[in-house]
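*Asks:* Below is the sequence, then the predicted model.
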Amino acid sequence: MRDGLGFLAEKYQERYAAKPRGFELYVHRMLQGLTKAFDPEAKIVYVSNYSFPAELLWAFDVVNFDYEIACNNLPQAIMGSGSELMIACEEQGFSRDICSFHRMELGFSAQDANPRGDLYICSSYYCHGKAKAHEAAARREGAPHYFFEAPTRRTESARVYVETQLREIAEILERLTGKQLDMGRFKECIRMSNRARANLVEINELMKLKPCPWEAKKAALLALGGAVFWGSPVLVEVTDRLKEEIQERAASGATRPERFRVLWSPWYPVQPTVIPAFMRDNQISMVMAETADIWRPALDENHPFESLAQMVLDNYMLRTTQERAERLTTLAGEYQVDGLVHFGTVACYHENTAFRVIADAMARQGLPVLDLDGDMTDERNYSEQRTTGKLEAFLEIMAANRSE
Ligand code: SF4
């Protein structure tokens, strides 16, 4: 893992030097952060950034390591030979039904090729499989793990329950780092978080323009991989630049031609597929992604724990599927899309179950839905012919809807 991440970190450093733009800055800083996890002096905290408030980790001097994002960014995963990294896990008897991200991590863990973790925080959502993979890795290393549980209801008692856990985690981090939580620094992390949020709200507004001046695929990647930077100056700098670049593009008209607009939910495959080329060739813009929607509230720096606890409860993946479906139909209207593309993987049981509710809600709006099943990184579960066939049929339906 170290070599793969190190190799890409160098490549992206060069790419960023040649093209110092917002998205390149994000990838460069994200890879740099992941490679820091191999520093023997660093305190490493394994976490799922999309389901844990990274602001609390930035308030301490720890390296925040998300194996899912690390595995996503390995050369094999992005080049279409991710299964090579899963063999070690499968040979230990783990089933191929397990999500490819977890199989990669379990494979590395079996070979002692993961960075060592000083603490494992396992969130109860979005993905139970990830919590269990974290737990298995923690046990293997004899490291402490904390099961961070977020209830699905948004009541005062639920908020207090989450806040209590965040305060406990802060105490664990104090013991781990030997430093007391500096409330001044914590407040600064909250301010950084709010500034980045405000930028992303503006970026999402710009995406409503026709033609769309940015790609929601990048917005989705930033939302998931960039979640590590909530609370840090990095996300502020990245979103400052992106906002400026998107405004310039919209003003100059240097946008891609656009015949159709689609909304994307929820995941986007890491391995190479025909999807981007098909969309480009047929002038289909992905104008918004569910993951890039700003569901998080602005935080109160004077009550950071309370505010982060509320933010956890507001996470869209803790909502009922019906609420998610309603939000998606609202987004479909606001972004004036011609249809919704849903991408889940075989292992993503919760998402596959949610699909029917989402599809029915879109159908009530008269919008077609494409269910692009596939895999994030296991090329054995991907078929170019099948994916192309589904995309062609979806394109025909969107075109027919237009001419009605
Ligand atoms: S793709 Fe689904 S199963 Fe895999 S890590 Fe993401 S949420 Fe979990």
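*Replies:* Now that the structure is in, tell me what you want to look at.
*Asks:* Tally up the residues packed near Thr377, please.
*Replies:* 27 (other CB atoms under 10 Å). Just so you know, the C-beta spots here come from the backbone N, C-alpha and C atoms, and that holds for glycine as well.
*Asks:* who's in contact with it?
*Replies:* With contacts defined as CB atoms under 8 Å, 6 or more residues apart in numbering, the neighbours of Thr377 are Cys71, Asn72, Ala77, Gly82, Ser83, Ser100, Phe101, Met104, Pro269, Val270, Gln271.
*Asks:* any chance of the residues you listed in CSV, plus neighbour count and distance to Asn64?
*Replies:* Formatted as CSV, these follow (neighbours: other CB atoms under 10 Å; distance: CB to CB, whole Å):
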residue, neighbour count, distance to Asn64
Cys71, 29, 15
Asn72, 23, 15
Ala77, 25, 20
Gly82, 27, 23
Ser83, 21, 28
Ser100, 29, 22
Phe101, 27, 17
Met104, 31, 19
Pro269, 20, 25
Val270, 21, 20
Gln271, 22, 25
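*Asks:* Which single one of those residues is nearest to the ligand?
*Replies:* Nearest to the ligand, judged by CB to the nearest ligand atom, of the contacts of Thr377 is Phe101 at 4.7 Å.
*Asks:* If I look at the closest one, what pLDDT would I see?
*Replies:* In this model, Phe101 is scored at 91, pLDDT.
*Asks:* Toward the C-terminus from the host helix or strand of it, list the very next helix or strand.
*Replies:* Using DSSP states H and E, Phe101 falls within helix 100-110. The C-terminal neighbour of helix 100-110 among helices and strands, as given by DSSP H and E, is strand 119-123.
*Asks:* residues touching the residue nearest to Leu181 when sequence neighbours are not counted, list them.
*Replies:* Counting by CB to CB, 6 or more residues apart in numbering, Leu181 lies nearest to Ala170, which is 5.2 Å off, once chain neighbours are set aside. Counting by CB under 8 Å, 6+ apart, Ala170 makes contact with Leu56, Ala59, Leu181, Phe305.
*Asks:* Disregarding residues adjacent in the polypeptide, which is nearest to the second one?
*Replies:* Translated: Ala59. Phe186 (4.1 Å).
*Asks:* residues near the residue of the stretch 151-300 of the chain found nearest the ligand, how many?
*Replies:* Using CB to the nearest ligand atom, Trp267 is the residue of the stretch 151-300 of the chain that sits closest to the ligand, at 5.4 Å. Using other CB under 10 Å, Trp267 is surrounded by 20 other residues.
*Asks:* Excluding chain neighbours, give the residue nearest to it in space.
*Replies:* Nearest residue to Trp267 in three dimensions, chain neighbours excluded: Phe343, at 5.2 Å (CB to CB, 6+ apart).
*Asks:* Inside helices: which ones of the contacts of Thr377?
*Replies:* Counting by DSSP state H, the contacts of Thr377 place Cys71, Asn72, Ala77, Ser100, Phe101, Met104 in helices.
*Asks:* picking up where we left off before, so the residue nearest to Trp267 versus the ligand, what's the distance?
*Replies:* Here the criterion is CB to the nearest ligand atom, to the nearest Å. By it, Phe343 lies 9 Å from the ligand.
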